[in-house]
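make a model of this:
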Amino acid sequence: MTIIMPDVSATSVPTYGRRPVLTTVTAPHPTTLSGALRAAARLIAANGHHQGDYLPDPFNRVLRTPRLSRPLSIVAAIRVAVSGRHVETELSERAISVLAGRLEITEDDPVVHLDRPIECEMHVAAWGDVEGRTTESVCAVLYAAADAAEVTA
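Residues are numbered from 1 along each chain as shown. Coordinates of the predicted model:
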């Protein structure tokens with residue numbers, strides 16, 4: 001027995017005046033400290049960890065890919081995860097401060113004043129810029145900080 005199926009290719013299906021519409025769905029931004037740290041870890045896991053600056057080619061002189069598709073530093077990943085852009089928010093700065101309190105670069109590292117946001121940012125950036133720092137180690141630290149923040153909340 002042979003079954004004959006009608007041709008339903010894209011050229012033979014009537015559209016009845018409908019047109020496909022491209023919609024962009026954005027994930028909701030985290031509202032908790034642990035959520036912000038986990039979202040930053042997911043961004044770094046997806047795009048990679050960048051050392052030396054917030055992201056490669058920040059002024060788009062060479063790269064044409066969207067900035068959020070490029071590898072990010074830890075500070076940039078936290079800020080982007082919270083706001084969708086690389087801007088300071090209360091939650092992102094609190095997440096950076098909490099992370100700074102957990103990180104140690106060397107035993108001779110100066111004490112970080114957690115009440116000074118710029119010192120926290122520089123400390124986290126310096127930790128991420130240590131030679132040989134891997135994406136996996138950055139994600140592990142972010143997830144551990146998120147777990148600790150969730151327990152203390």
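
count of residues packed around the closest residue in space to Val80 that isn't next to it in sequence?
Once flanking residues are discounted, Val80 sits nearest to His86: 5.7 Å by Cβ to Cβ, 6 or more residues apart in numbering. For the C-beta atoms, the positions are set from N, CA and C on the backbone; glycine is no exception. The tally of other residues near His86 (other Cβ atoms under 10 Å) stands at 19.

same question, the one 3 residues further on
Burial of Thr89, expressed as a neighbour count using other Cβ under 10 Å, amounts to 15.

now do Val130
12.

that one contacts Ile105, correct?
Yes - using Cβ atoms under 8 Å, Val130 is in contact with Ile105, at 6.5 Å.

what's the helix or strand where His123 lies packed up against?
In this structure, His123 sits in helix 117-128 according to DSSP states H and E. Under the contact definition 3 or more Cβ pairs under 8 Å, 6 or more residues apart in numbering; DSSP states H and E, helix 117-128 sits against helix 74-83, helix 90-102.

alpha carbons only: can I get the helix ranked longest in the chain in PDB?
Ranked by number of residues, the top helix in the chain under DSSP state H is helix 135-152. Only the C-alpha atoms of helix 135-152 are listed here, as PDB (Å, rounded to 0.1, in the frame of the first residue of the first chain):
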ATOM      1  CA  THR A 135      37.400  30.000  33.300                       C
ATOM      2  CA  GLU A 136      36.600  27.000  35.400                       C
ATOM      3  CA  SER A 137      38.300  28.400  38.500                       C
ATOM      4  CA  VAL A 138      36.400  31.800  38.100                       C
ATOM      5  CA  CYS A 139      33.100  30.000  37.700                       C
ATOM      6  CA  ALA A 140      33.900  27.800  40.800                       C
ATOM      7  CA  VAL A 141      34.600  30.800  42.900                       C
ATOM      8  CA  LEU A 142      31.400  32.600  41.700                       C
ATOM      9  CA  TYR A 143      29.300  29.600  42.400                       C
ATOM     10  CA  ALA A 144      30.900  29.100  45.900                       C
ATOM     11  CA  ALA A 145      30.200  32.800  46.700                       C
ATOM     12  CA  ALA A 146      26.600  32.400  45.500                       C
ATOM     13  CA  ASP A 147      26.200  29.300  47.700                       C
ATOM     14  CA  ALA A 148      27.600  31.200  50.700                       C
ATOM     15  CA  ALA A 149      25.400  34.200  50.100                       C
ATOM     16  CA  GLU A 150      22.400  32.000  49.800                       C
ATOM     17  CA  VAL A 151      23.100  30.400  53.200                       C
ATOM     18  CA  THR A 152      23.700  33.700  55.000                       C
END
